[in-house]
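Asker: Any chance you can model this:
(4 chains)
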Protein chains: 2
Amino acid sequence: MKEQIKNIHQVISSFIEISNEEWVNYSSMFKTKEIKKKEIILQEGNICKDVFFINKGVLRFYFVDNNGEEKTFHFAIENTFATDYKSFLKQIPSNYSIQALEDTQVVTMSLDMLLSGYEILKNGEKLGRLLAEEYFFMFNDKIQAIYTQTPLDRYNNLTTNFPEIFQRVPQHLIASYLTISSVHLSRLKNAH
Amino acid sequence: MKEQIKNIHQVISSFIEISNEEWVNYSSMFKTKEIKKKEIILQEGNICKDVFFINKGVLRFYFVDNNGEEKTFHFAIENTFATDYKSFLKQIPSNYSIQALEDTQVVTMSLDMLLSGYEILKNGEKLGRLLAEEYFFMFNDKIQAIYTQTPLDRYNNLTTNFPEIFQRVPQHLIASYLTISSVHLSRLKNAH
DNA sequence: TTTAGACGATAACAAATGTTATCACTTTTA
DNA sequence: TAAAAGTGATAACATTTGTTATCGTCTAAA
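Answerer: As a prediction, this is how the structure comes out:
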């Protein structure tokens, strides 16, 4: 199997049973893509054409608010999916953008490919269901964090659950992610 | 068809094709439940046993934070589903509670019923997928609102998109929903 | 029908958070 | 390799938002 699709094979196999024959046939439709640091792979207003699976790198997801300010709400790293799943499934313009924070390698899956998976894979619909459920769980947890935790709580959780993020993402983007200003985050960090 | 399952039939039919025969068989598993105002139908810490479909009434969803304060994050009304879908699907303890704000009538669907739907309905998996997608879209929009709008923006949106909510839900719960204090909401409303 | 509680407005004050600017340092780019 | 841009800390100040308390009205329960 090509090196580039080993990781996504492992992840999809953790969701559904898929035979070797199905995989060989299905995975021939994957494409890989190299993304340069700072490159935007989904621009707000455009229809999201692909689900990206990250082999290497970091992506950030951000809204632009009424004042033109970028609000980063998600970071995606190796072995996770990245997409505007709503824009992708409904084929409507995206409300946010996705940008590479490092040189990044992704495997792309088009909507045609997902939809044909519903048909040709024995467990294609189930794969679609589980993908949607995973996305839902992620956003569910994010909402819980926003409603029940202070920005400092959320910062501390990042520190314990995801320490490497601080080496890979500049602090002002983390502040945005925590919905506070960069000055305020700096204060919280350095308060004794 | 029994009066109580007319609405849910309409909603499910909008998601998938389901034959009369399938529906008669499948819908026999629904139960209805009358909930008194203030009654809690899902208690944080318990496993969510059912998806509720609301025929009449209003439910509120709320977390309890570290200070013991209730944080209302969602209201569900007629013809929508109500559940902790994560707790329900994974059969893990719920992180939030659901309480009736009015006398409410719901149709209940157990996990067994959903899972057997995956098997016996021609489009059962698809129904599961679309339900998960709908939940995802809802939370997706909520996160967008939190990151891009001020509490006042969100209050104004409620006013235009969902004006009847103010007749049915006390203002301090709306303030919680907007992630601000009730005093502050009162100030925003009455500022000139 | 009375009474306790719930509700929403408001004031006074305290705390949290944002804004702007400056500085030192590092990284990227021409 | 020099210049430009990015990064993070910090100070001073302004603004937003929360907290507590009071009050009048309304609602629900004994």
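Asker: for chain B, what are the nearby residues on chain A?
Answerer: By CB under 8 Å from any CB of the partner chain, the residues of chain A that approach chain B are A:63-66, A:71, A:73, A:85-86, A:89, A:95-96, A:118, A:125-126, A:128-129, A:132-133, A:135-137, A:139-140, A:142-144, A:146-149, A:153, A:179. Every C-beta, even on glycine, is put in place using the N, C-alpha and C of the backbone.
Asker: which helix is the longest one in chain A?
Answerer: helix A:124-148 (DSSP state H).
Asker: What residues of it count as buried?
Answerer: Within helix A:124-148, the residues that count as buried by 16 or more other CB atoms under 10 Å in any protein chain shown are A:124-137, A:139-140, A:142-144, A:146-148.
Asker: show me where chain A has helices.
Answerer: According to DSSP H, the helices that chain A contains are A:6-15, A:20-27, A:85-90, A:111-120, A:124-148, A:151-161, A:165-168, A:171-177, A:182-190.
Asker: As a markdown table, those helices with distance to B:Lys189 and mean pLDDT would be great.
Answerer: Compiled in a markdown table, these are given as follows (distance: least, CB to CB, whole Å; pLDDT from 0 to 100):
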| stretch | distance to B:Lys189 | mean pLDDT |
| --- | --- | --- |
| helix A:6-15 | 47 | 97 |
| helix A:20-27 | 55 | 96 |
| helix A:85-90 | 31 | 97 |
| helix A:111-120 | 44 | 95 |
| helix A:124-148 | 22 | 94 |
| helix A:151-161 | 26 | 92 |
| helix A:165-168 | 39 | 93 |
| helix A:171-177 | 29 | 97 |
| helix A:182-190 | 27 | 95 |
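Asker: So which bits of chain A are right by DNA strand C?
Answerer: Neighbours of DNA strand C within chain A, by CB under 7 Å from any atom of the strand: A:38, A:150-152, A:179-181, A:183-184, A:187.
Asker: Save these as a markdown table, and put in neighbour count too.
Answerer: Rendered in a markdown table, the data for the residues of chain A next to DNA strand C read as follows (neighbours: other CB atoms under 10 Å in any protein chain shown):
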| residue | neighbour count |
| --- | --- |
| A:Lys38 | 10 |
| A:Thr150 | 14 |
| A:Pro151 | 17 |
| A:Leu152 | 15 |
| A:Thr179 | 15 |
| A:Ile180 | 19 |
| A:Ser181 | 13 |
| A:Val183 | 10 |
| A:His184 | 13 |
| A:Arg187 | 11 |
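Asker: Where does the record place the domain boundaries for chain A?
Answerer: For chain A, automatic domain parsing gives the domain ranges A:3-147, A:149-192.
Asker: tell me the most buried of those?
Answerer: Among the domains of chain A, domain A:3-147 has the highest mean neighbour count (mean count of other CB atoms under 10 Å in any protein chain shown), at a mean of 17.
Asker: just to revisit the earlier point, which of the helices of chain A sits closest to B:Glu17?
Answerer: helix A:124-148 (13.7 Å; CB to CB).
Asker: just checking, what packs against that closest one?
Answerer: Judged by 3 or more CB pairs under 8 Å, 6 or more residues apart in numbering or on different chains; DSSP states H and E, the packing partners of helix A:124-148 are helix A:6-15, helix A:85-90, helix A:111-120, strand B:59-64, strand B:70-76, helix B:85-90, helix B:124-148.
Asker: How about residues contacting the second one?
Answerer: The one in question is helix A:85-90. Under the contact criterion CB atoms under 8 Å, 6 or more residues apart in numbering or on different chains, helix A:85-90 has outside partners A:42, A:47-51, A:92-95, A:111, A:131-132, A:135, B:133, B:136-137, B:140.
Asker: center of chain A - which residue?
Answerer: A:Ala82 (3.0 Å; CA atoms, centre = their mean).
Asker: which ones are touching that residue?
Answerer: Here A:Ala82 is in contact with A:51-54, A:59, A:61, A:76, A:98, A:106 (CB under 8 Å, 6+ apart).
Asker: 10 Å instead, please
Answerer: A:41-42, A:48, A:50-54, A:57-61, A:74-76, A:98, A:100, A:104, A:106 (CB atoms under 10 Å, 6 or more residues apart in numbering or on different chains).
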